[in-house]
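Student: What follows is a predicted structure for the sequence shown.
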Amino acid sequence: MSLVEMLTVIGIMVVLAAILLPAINTARQSAFKMQCATRLKDLAFIVNAYSVDYKGYYPFIDNGDPEHPVNGFRAKLGPYMGTKTDDVFKCPRAVSDEATAAYYWYNPDFNTQYPTNPTVLYQNAPNAPPTPRGDRGTGAIYVFSCRSGDGYFPHRGGYNTVYADGHVAWVIPPQ
């Protein structure tokens, strides 16, 4: 093989790589988005298991200190996980490794506007504003979402959210 042939082959490989890399990156981002949605679905299951044991009440989780030994994710939901890691509580595309940036955001309304009792939640659900995709009732009250503070939206300009009825949706923030 001559030098010219070898340079031609290398040039073709570089052009093919340049064409394929954006597609590979898009697929990778979609995989992160799906992994996040799966974790949120798992969290919805864990919170519902917690509420069964506590007469329908949702846990109080401190978003400002998610690793708190009394009111953090691990303290409240750890016994329902069946795993030794905190990965299920964190988005795979977190903005940083800081606890307040890595952990999912638990709806603080469960501790202020909505009593955590599901009976009251269901009574208030008809008054909840619909989601951007039109969900109403308990499907419009979010339980967990990706950390999206400071304008950071981890999944291609949006974020995943799990709602009280158990469905996960990708949300595009208002402009």
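Tutor: The structure has been received and is ready for your questions. Given the structure is predicted, the values throughout are model-derived calculations rather than measurements.
Student: In the protein, what helix or strand scores lowest on average pLDDT?
Tutor: Least confident helix or strand of the chain, by mean pLDDT, DSSP states H and E, is helix 118-124 with a mean of 65.
Student: which is the next helix or strand following it?
Tutor: On the C-terminal side of helix 118-124, the closest following helix or strand by DSSP states H and E is strand 142-145.
Student: For that following strand, what does the pLDDT average out to?
Tutor: For strand 142-145, the mean per-residue pLDDT is 85.
Student: Could you check how far that strand is from the centre of its chain?
Tutor: 8 Å (CA atoms, centre = their mean, to the nearest Å).
Student: Pass me the low-pLDDT residue ranges in the protein, would you?
Tutor: Residue ranges of the chain with pLDDT under 70: 112-124, 132, 148-151, 175.
Student: How far away from the center of its chain is the longest helix belonging to it?
Tutor: Taking DSSP state H as the criterion, the chain has its longest helix at helix 3-53. In terms of CA atoms, centre = their mean, the centre of helix 3-53 is found 16 Å from the chain centre.
Student: Name all residues that make contact with Leu16.
Tutor: Contact partners of Leu16, counting by CB atoms under 8 Å, 6 or more residues apart in numbering, are absent. In this view, the C-beta of every residue, glycine as well, is placed from N, C-alpha and C.
Student: that older thread, after the longest helix of the chain comes which helix or strand?
Tutor: Downstream of helix 3-53, the next assigned helix or strand under DSSP H and E is helix 73-77.
Student: immediately after that next one, which helix or strand?
Tutor: Heading C-terminal from helix 73-77 (DSSP H and E), you reach helix 99-102.
Student: List the contacts of that next one.
Tutor: Contacts for helix 99-102 (CB under 8 Å, 6+ apart): 63-67, 90-91, 94-96, 147, 149.
Student: wait, which of those is closest to Leu77?
Tutor: The closest of the contacts of helix 99-102 to Leu77 turns out to be Pro66 (CB to CB; 10.5 Å).
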